[in-house]
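Student: Fold the following.
(2 chains)
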Amino acid sequence: MVTLGDYLFVSGLLFTLGFAGVLLRRNLIIIFMSLELMLNAANLSLVAFSRFRTNSLGQPNYDGQVFVFFIITVAAAEVAVGLAIIVALYRARRTTHVEDINSLKF
Amino acid sequence: MSPFFFWTASALMLVFGAAVIINRNPVASALSLVVSFLGLAALFMSLDAFFLGIIQVLVYAGAVMVLFLFIIMLLDLRAEERRRINFVAFAGGAAVAVIFFGQLYLVIGHLHQAKLPFAPLAPMQVDDVHRIGLLLFGSYNLPFQIIGVLILVATIGVIVLSKRELH
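Tutor: Residues are numbered from 1 along each chain as shown, chains lettered A, B, ... in the order given. Reported below is the predicted structural model:
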């Protein structure tokens, strides 16, 4: 029997993986992928809550799924802008390594 | 939803999620991310969120990952050379992540709803795309339009950012 807690546990583990990636890795692209992992971990717990809170008619609460839809849209826009910033940064500094980017003004 | 299916999809998602942050080669990381998102889409399906599962595969495994791979190829990133790791910073980061997960685990353990199984669903009269669509154009119409403006702004922003400056 799979419970709500199992889904929350798996989602928390995925979020921790993304969090560890942001803290430990030094490559901008990998940090960006870790951000995506964290967003998707949040999505998983939202969908689990949406399925858990069934109404009296036996339907899941679709508000959570609409929220996930919005998060996916914003994440897609964020990826596009973020990658454009990384490309602009690479043009200016020839690196994607965060430790090489240590001054505020080029 | 069968426990076997749930744990298989979770293991797929978590193992390849770990591979994303362990791999030194960015291309391998991006491909691991695709597999991880496919596992996540399977978990969405197991929660009867079929529309979101499809969207997850289309948007993430399709569009976003192609964008990531395109940028990696464009920048011609190789596997990182080994650098001297700052061990204090590394241990600190790992400790923060572990403490975070421990706290999350305790909170989930204290949540008494977390031990309840999911209530069975009534057989669906209309599919979930229909219901989500009704909500999007009904109660969530204003956020939906704001999202449209956001995407427009993002598109223009990306064009401005990637345009070469004329000197």
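Student: C-alpha from now on. contacts and neighbour counts both.
Tutor: OK.
Student: Could you report the distance from the residue most central in space within chain B to A:Leu39?
Tutor: The residue lying closest to the centre of chain B (CA atoms, centre = their mean) is B:Phe37, at 6.2 Å. B:Phe37 sits at a distance of 11 Å from A:Leu39 (criterion: CA to CA, to the nearest Å).
Student: B:Val34 too?
Tutor: For B:Val34, the distance to A:Leu39 - CA to CA - is 14 Å.
Student: mind checking pLDDT for A:Leu46?
Tutor: At A:Leu46, the model reports a pLDDT of 94.
Student: Quick check: which element contains the spatially closest residue to it that is not a sequence neighbour?
Tutor: Among residues not flanking A:Leu46 along the chain, A:Gly64 sits closest, at 5.7 Å (CA to CA, 6 or more residues apart in numbering or on different chains). Here A:Gly64 sits within helix A:62-93, counting by DSSP states H and E.
Student: Same question for A:Gln59.
Tutor: Residue-wise, A:Gln59 maps onto no helix or strand under DSSP H and E.
Student: these two touch, right, it and B:Ala122?
Tutor: Yes: proximity of A:Gln59 to B:Ala122 meets the contact threshold set by CA atoms under 8 Å, at 6.4 Å.
Student: Neighbour count: those two, which is higher?
Tutor: Using other CA atoms under 10 Å in any protein chain shown as the criterion, A:Gln59 and B:Ala122 rank with A:Gln59 on top: 20 against 12.
Student: Now do that one against A:Ala48, distance only.
Tutor: Distance from A:Gln59 to A:Ala48, by CA to CA: 13 Å.
Student: Can you check the pLDDT for the residue nearest to the spatial centre of chain A?
Tutor: The C-alpha lying nearest the average C-alpha coordinate of chain A belongs to A:Leu39 (CA atoms, centre = their mean; 2.2 Å). What the model reports as pLDDT for A:Leu39 is 94.
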